[in-house]
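# Everything below, folded, please.
(chains A and B)
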Amino acid sequence: MPPQVFRICVLAVGIVGSYLVARYFLTPSSFGQYGWYRGEALAELAAREPVYAGKKECEVCHSDEYQKLIKHEHKTLSCEGCHGPGQAHSDNPRKDNIEKSSFAACLRCHEANPSRPKFQKQITIKNHYTGSKCTECHVPHVPLEVP
Amino acid sequence: MSNQLSRRSVLGRIGAAVAGLLAAPAARAAKAAVQKVFVTSGAPKAYDPAKHEWRMAIDANRCIGCGLCAEACKTENHVPAGPYFRTWIERYIIAKPKPDSGEARGKVFVDSPNGGMHGFPELPVSKEEIQHSFFVPKLCNLCERSPCTQVCPVGATFDAPDGAVLIDPHYCIGCGFCIQACPYGCRFFSPLTKTAEKCTLCYHRITRGLKPACVEVCPTQARIFGDLRQALPDGPLQQFYQNNLVQALKPHLGTEPRVFYAGIDKEVR
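Residues are numbered from 1 along each chain as shown, chains lettered A, B, ... in the order given. Presented below is the predicted three-dimensional model:
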């Protein structure tokens, strides 16, 4: 073999060899586990802690209110829709890490808007009531009850 | 034979064999050490993606445009403030045609002020001029043939075995190809992480057995979520497919969305 051919062969083997060594060391072990991506990415994305605890979590302590809610017209509502995210409150139940719901939470769904479907009960606030407490006349967990 | 097996040659061969045996674990240890530096490892979880097939469905007939879903998504996923949304609500208003114009439908207005998070206050047309008006919640359509995964140059976005289209934040280089490729505008460039971001179906929630945040807070069950592999015949998702005529957005693009809509008009894109 002529020396120049031998040298170019050695160089080629060196380049391919260093590529294979680099690939061996740098490819993450979970690459290709499910497809052409890093399988561990799934576990990493799943590792984050939730902020909303879910309705079932509220039932653990507030079963009386929960039972009222699921038996009446507001049964499809989530607790955290009106009271805000509750994982922190669920981990460490205190009065100051959960919202007290307000006037705005009622209006968010019940203010008249022509784009809303007909089944939704809607009010025009200035024709309906001028105060600031819906709870004077309505019980949010049992909507058709008069307090 | 005996003159061939000298002490030196035997010791040499034993030494070579031991070096060979040690080389493989040493290479493996070296690989692990290198990967610790260059590749971060994640927390393994007892969740098998091959055993699930998640689906979201939208019943636009039931959407009241309250904006709770868009707001919950922002809070749950730490989406940056400003015009960045993983899910949002669009309001469609189709005006009545002008008299004697010879048209079936008038002008179309579409808006989504602040993603619909705080409601839809003022109307661009008066109530009497409206022919149809409705809300359409939007999110990643979770395409089976997703353009975003096809254009990613580094394999950072992928189609997970359980039906979620996800982004590996450690691999994303923030080139923005996927943001341009998505025909539904469901991706954005996060100014915080400097990577592309999108709806993950709340992957950290569904792997724990919770519903995605938007589904959790929806007061009218306009958003339906379920698993096709662990299907209950009377599950909400199965009931949705059973009771509605469904459609996908932009079917002519061949992206095969996994998100089906019921109750939307032809103007919805």
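# CA atoms for contacts and neighbours, from now on please.
Will do.
# contacting residues around residue B:188?
Residues in contact with residue B:188 (C-alpha atoms under 8 Å, 6 or more residues apart in numbering or on different chains) are B:84-85, B:179, B:196-198.
# By neighbour count, which of the residues you listed wins?
Taking other C-alpha atoms under 10 Å in any protein chain shown as the neighbour criterion, residue B:85 ranks highest of the contacts of residue B:188 with 27 neighbours.
# correct me, but that residue touches residue B:70?
Yes. Residue B:85 is in contact with residue B:70 according to C-alpha atoms under 8 Å; the separation is 7.4 Å.
# tell me the pLDDT at residue 26?
No chain was given, so I picked chain A. Reported pLDDT at residue A:26 in the predicted model: 91.
# ah, no, chain B please
At residue B:26, pLDDT is 77.
# what helix or strand is it on?
In the assignment (DSSP states H and E), residue B:26 maps to helix B:7-38.
# so what secondary structure elements neighbour that helix?
If you count contacts as 3 or more C-alpha pairs under 8 Å, 6 or more residues apart in numbering or on different chains; DSSP states H and E, helix B:7-38 packs onto helix A:3-26.
# Domain map for chain A?
A:3-46, A:55-136 (automatic domain parsing).
# In JSON lines, list these along with mean neighbour count and distance to chain B.
Formatted as JSON lines, the domains of chain A follow (neighbours: other C-alpha atoms under 10 Å in any protein chain shown; distance: least, C-alpha to the nearest C-alpha, whole Å):
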{"stretch": "domain A:3-46", "mean neighbour count": "15", "distance to chain B": "4"}
{"stretch": "domain A:55-136", "mean neighbour count": "15", "distance to chain B": "4"}
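# Save those as CSV, and put in distance to residue B:235 too.
Shown next, in CSV, are the domains of chain A (distance: least, C-alpha to C-alpha, whole Å):
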stretch, distance to residue B:235
domain A:3-46, 24
domain A:55-136, 15
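# If we only consider the contacts of residue B:188, which is nearest to residue B:57?
Closest approach between those and residue B:57, by C-alpha to C-alpha: residue B:198, at 17.3 Å.
# can you pull out the helices in chain A?
Under the criterion DSSP state H, chain A carries helices at the ranges A:3-26, A:40-46, A:55-59, A:63-71, A:79-83, A:87-91, A:103-110, A:125-128.
# low-scoring pLDDT stretches of the chain, where are they?
Because you didn't say which chain, this covers chain A. Across chain A, nothing is flagged by pLDDT under 70.
# That was the other one, I meant chain B.
B:1-4, B:32-45.
# want to throw the helices of chain A into CSV with distance to residue B:130?
Formatted as CSV, those follow (distance: least, C-alpha to C-alpha, whole Å):
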stretch, distance to residue B:130
helix A:3-26, 60
helix A:40-46, 44
helix A:55-59, 37
helix A:63-71, 36
helix A:79-83, 30
helix A:87-91, 42
helix A:103-110, 20
helix A:125-128, 22
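# right, and the ones you listed - which one's nearest residue B:234?
Proximity to residue B:234 (C-alpha to C-alpha) singles out helix A:63-71 among these, at 19.0 Å.
# and that closest one, how far out from the chain's middle?
Centroid displacement of helix A:63-71 relative to its chain, using C-alpha atoms, centre = their mean, to the nearest Å, is 23 Å.
# Name the surrounding residues that touch it.
A:58-59, A:75-76, A:141-142.
# same deal with stretch B:149-165?
In contact with stretch B:149-165 (C-alpha under 8 Å, 6+ apart) are residues A:34, A:36-37, A:42, B:49-55, B:142-144, B:148, B:166-173, B:177-178, B:181, B:200-201.
# what's around the residue in chain B that chain A sits nearest to, how many residues?
Going by C-alpha to the nearest C-alpha, chain A is nearest to residue B:204 of chain B, at 3.8 Å. Per other C-alpha under 10 Å, the neighbour tally for residue B:204 reads 23.
# so who does it touch?
A:45-50 are the contacts of residue B:204 under C-alpha under 8 Å, 6+ apart.
# swap in residue B:94?
B:105-109, B:130-133 are the contacts of residue B:94 under C-alpha under 8 Å, 6+ apart.
# Show me where chain B has its helices.
For chain B, the helices defined by DSSP H occupy B:7-38, B:68-77, B:147-151, B:177-181, B:203-206, B:213-217, B:236-243.
# ok so, going back, residues in contact with both of residue B:85 and residue B:70, list them for me.
residue B:115.
# which residue packs closest to residue A:137, ignoring adjacent ones?
residue A:146 (5.8 Å; C-alpha to C-alpha, 6 or more residues apart in numbering or on different chains).
# ok, the one you found to chain B distance?
22 Å (C-alpha to the nearest C-alpha, to the nearest Å).
# Check residue A:1 too.
From residue A:1 to chain B the distance is 31 Å (C-alpha to the nearest C-alpha).
# And the strands in chain B?
Secondary structure of chain B (DSSP state E): strands at B:54-59, B:88-95, B:108-111, B:130-138, B:157-159, B:165-167, B:188-189, B:196-197, B:223-227, B:246-247, B:260-262.
# Next, format these as a markdown table and append distance to residue B:117.
Below are the strands of chain B laid out as a markdown table (distance: least, C-alpha to C-alpha, whole Å):
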| stretch | distance to residue B:117 |
| --- | --- |
| strand B:54-59 | 17 |
| strand B:88-95 | 7 |
| strand B:108-111 | 12 |
| strand B:130-138 | 11 |
| strand B:157-159 | 27 |
| strand B:165-167 | 24 |
| strand B:188-189 | 17 |
| strand B:196-197 | 19 |
| strand B:223-227 | 16 |
| strand B:246-247 | 25 |
| strand B:260-262 | 21 |
